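Student: Need the 3D shape of this:
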Amino acid sequence: MTTTTGFTARELAELAEIHRRQAQDALTEPAELAQFCDPSFVRRPHLDVISREVAKLATGETRRLMIMVPPQTGKSVLAAVWTPFWWLAKHPDHRIVVGSYGAALAVSRGKQIRKLVQRQGWRYNLDIEWGSGGVADWQLVTGGGVRSAGVGGGLTGFPASFAIIDDPLRSRADAESRTVRDAVWDWYSADLLSRLAPDAPLLMIGTPWHVDDLQQRALQQDGRVEEGGLWRVVRLSAFADSADDLMGRAPGDPLTHPKIPSTDTESLRRFWEERRASTTARDWAALYMCDPKPVTNALVDSTMMRDRTHTPPPATARKAAVAIDPSGGGRDTAGVVGGWLGDDDRVYITHDVSLVGPSEKWSKAAVLLAAELDADTIVYESNFGGDLNEVALKTAWEQARREHPSDKRFARPMPRLKKTTAKKGKLLRAEPIAQQFILDKLRLGAHLPELVAEWASWQPTDTNSPGRIDASVYLAYELLPMNNEPARVAAHPALAPGRAAGPVAGNPYLGTLPGMNTGRGWTGGGNPYAR
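Tutor: Alright, predicted model coming up:
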């Protein structure tokens with residue numbers, strides 16, 4: 001018998017069964033459900049990573065999940081709208097808390113989830129309880145529902161089976177306010193956590209702002225899973241800076257974006273580079289690299305570093321060099337920076353190509369930079385790798401020469417390799433060079449936010465050793481003229497203003513740099529390196 005739709009009853013039953021199976025298959029993770037219900041939903045690799053990690057909350061593999069992602073990358077739509085709908089489709093009797101920095105935003109999320117139930121809930125037998133018309137607190141016929149609350153909003157009487165915190169801080173001003181940070185923490189600790197049912201999962205997703213924001217405090221209190229703690233942390237930075245990136249990106253690869261095709265790497269890279277160029281070093285480190293830095297007790301501050309940035313440099317290059325702080329085992333950041341001594345007797349740091357990776361990667365980056373700058377010298381620290389670092393650099397130069405046979409920059413002899421051993425602590429190495437920034441003898445000749453962030457945030461008590469700082473220290477010691485005397489170096493005859501000079505022999509640093517404290521017992525009269 002044919003129905004009014006033109007299909008037989010059997011055909012309709014078969015179609016209904018196909019749809020039922022597809023609907024159930026879509027419940028594997030939130031992004032699958034979003035694409036099934038809304039074909040216009042844009043999936044990107046970073047959203048797929050978030051979706052897979054969220055799915056582990058349903059299986060019990062993860063209990064607390066923290067996702068750190070740059071702003072405007074689609075994280076909130078997936079995590080704070082589609083994820084609650086996905087959870088209710090799987091657990092129609094569960095009650096969900098969705099929290100955010102303000103009640104208006106939280107209620108907006110609740111309205112969007114409610115709209116999904118009204119439009120797509122038929123697929124999973126989800127119906128809103130008659131009379132449950134509130135947008136901040138509504139319930140399903142099956143007993144589940146959503147409560148939306150801003151920071152400070154009460155949750156009394158609402159036992160939660162699942163909690164989602166989306167962007168608990170509104171702005172930089174709020175992030176800088178200890179009062180606001182304390183209020184967010186008190187709401188999280190006293191109100192939200194107290195409403196969670198036993199073993200209820202918790203999802204916190206947002207953009208890091210501050211070393212003392214909610215995410216950082218939660219990690220400080222409860223620890224990471226790999227350290228025996230509670231939190232599974234997924235950090236997806238604008239540019240990959242780890243060898244074990246969850247997206248499988250190589251160090252330096254850009255993050256995908258909902259508005260840019262995933263295969264258009266150049267457009268992605270250009271987008272994030274534009275963000276980097278228009279953002280302060282501190283905000284770039286926090287918001288986009290998801291690695292907030294402290295700002296107190298640093299050797300230099302970001303304001304002073306901004307004042308020391310001159311683009312383009314108001315000088316002519318006389319002598320150029322590249323400096324390297326190799327990574328330990330290839331898993332840390334290898335500092336690779338370059339710059340030149342100008343005819344105004346100031347050193348300009350112009351390039352930062354630091355990366356995470358083994359010796360074949362940082363050595364290639366170093367020799368390519370040396371060719372670009374027409375550098376006279378490549379300085380490298382030998383603490384990690386020893387003489388193997390020299391082998392890596394020579395191999396990289398020969399490989400570049402073979403790969404670029406028509407490039408005249410590789411036709412000349414390789415720049416002089418200079419080994420240095422850091423025999424003093426980082427503070428003793430970095431303090432005198434910080435003083436050179438203060439005295440305006442050392443400048444930045446380009447916008448280098450990661451380098452600025454390291455200088456403006458590294459604390460003398462830190463146990464980590466940022467590679468960019470050490471590399472820039474080695475570069476400064478190599479190029480700064482001694483005793484504040486003019487550098488007796490002839491300019492390269494073919495050198496245009498703003499370009500690097502050709503090879504120049506000799507060590508420009510033999511005595512004490514101007515403004516240095518020489519009472520620290522360094523080898524070489526103020527030089528903390530025994531060469």
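Student: Give me the residue ranges of the stretch 401-531 of the chain where confidence is low.
Tutor: For the stretch 401-531 of the chain, applying pLDDT under 70 flags the ranges 422-427, 460-465, 482-531.
Student: Residue 174 versus residue 149, what's the distance?
Tutor: In this view, residue 149 and residue 174 are 17 Å apart by C-beta to C-beta, to the nearest Å. (Glycine included, C-beta is placed from N, CA and C.)
Student: I meant to write residue 399 there.
Tutor: Taken as C-beta to C-beta, the span from residue 399 to residue 174 is 50 Å.
Student: Mind checking which of these two has more residues around it?
Tutor: The residue with more neighbours, out of residue 399 and residue 174, is residue 174; 19 against 15, by other C-beta atoms under 10 Å.
Student: Let's see the pLDDT reported for the more buried one.
Tutor: You'll see residue 174 listed with a pLDDT of 87.
Student: SS state for it?
Tutor: helix (DSSP: H, G, I helix; E, B strand; the rest coil).
Student: Surely it is in contact with residue 180?
Tutor: Yes: shown here, residue 174 and residue 180 form a contact pair, counting by C-beta atoms under 8 Å, at 4.5 Å.
Student: what sits against residue 172?
Tutor: 209, 283 (C-beta atoms under 8 Å, 6 or more residues apart in numbering).
Student: for residue 158, same thing?
Tutor: Contact analysis of residue 158 by C-beta under 8 Å, 6+ apart lists 95, 97, 137, 147, 195.
Student: can we see that at 6 Å?
Tutor: Residue 158 is in contact with 147, 195, counting by C-beta atoms under 6 Å, 6 or more residues apart in numbering.
Student: OK, contacts around residue 166?
Tutor: 76, 80, 100, 205.
Student: Tell me what it is bridged to.
Tutor: Bridge pairing for residue 166 (DSSP bridges) gives the partners residue 205.
Student: Let's see the pLDDT reported for it.
Tutor: pLDDT at residue 166 comes out at 89.
Student: Could you do residue 189 as well?
Tutor: Looking at residue 189, its pLDDT stands at 87.
Student: how close does it sit to residue 150?
Tutor: Taking C-beta to C-beta, one finds residue 189 at 16 Å from residue 150.
Student: same thing with residue 193?
Tutor: Using C-beta to C-beta, residue 193 is found at 16 Å from residue 150.
Student: swap in residue 64?
Tutor: According to C-beta to C-beta, residue 64 stands 21 Å off from residue 150.
Student: cool, residue 305 as well?
Tutor: Taking C-beta to C-beta, one finds residue 305 at 36 Å from residue 150.
Student: between these two, who's got more neighbours?
Tutor: Set residue 305 next to residue 150 and count neighbours by other C-beta under 10 Å: residue 305 wins out with 22 against 18.
Student: ok, that one - contacts?
Tutor: Residue 305 makes contacts with 452, 456, as judged by C-beta under 6 Å, 6+ apart.
Student: Next: residue 56.
Tutor: Counting by C-beta under 6 Å, 6+ apart, residue 56 touches residue 62.
Student: In which helix or strand does it reside?
Tutor: Element membership for residue 56 (DSSP states H and E) is helix 45-59.
Student: For the helix or strand just after that helix, which helices and strands make contact with it?
Tutor: Downstream of helix 45-59, the next assigned helix or strand under DSSP H and E is strand 64-68. On a contact count with 3 or more C-beta pairs under 6 Å, 6 or more residues apart in numbering; DSSP states H and E, strand 64-68 meets helix 45-59, strand 202-206, strand 231-235.
Student: Deepest in the core, which of these is it.
Tutor: By mean neighbour count, with neighbours taken as mean count of other C-beta atoms under 10 Å, strand 202-206 ranks first of the helices and strands packed on strand 64-68 at a mean of 24.
Student: And the average pLDDT for that strand is what?
Tutor: 92.
Student: same question, stretch 352-362
Tutor: In this model, stretch 352-362 carries a mean pLDDT of 90.
Student: To what extent is residue 312 buried, counted in neighbours?
Tutor: A count of nearby residues for residue 312, using other C-beta under 10 Å, gives 11.
Student: Give the buried residues for stretch 179-188.
Tutor: Across stretch 179-188, burial judged by 16 or more other C-beta atoms under 10 Å covers 180-181, 184-185, 187-188.
Student: So which of the residues you listed are in strands?
Tutor: Nothing among the buried residues of stretch 179-188 maps onto strands, per DSSP state E.
Student: Correct me if wrong: residue 289 contacts residue 237.
Tutor: Yes: using C-beta atoms under 6 Å, residue 289 is in contact with residue 237, at 4.5 Å.
Student: more crowded one of the two?
Tutor: Ranked by neighbour count (other C-beta under 10 Å), residue 289 and residue 237 place residue 289 first, with 23 against 20.
Student: and the more buried one, what does it touch?
Tutor: Each residue near residue 289 by C-beta under 6 Å, 6+ apart is listed here: residue 237.
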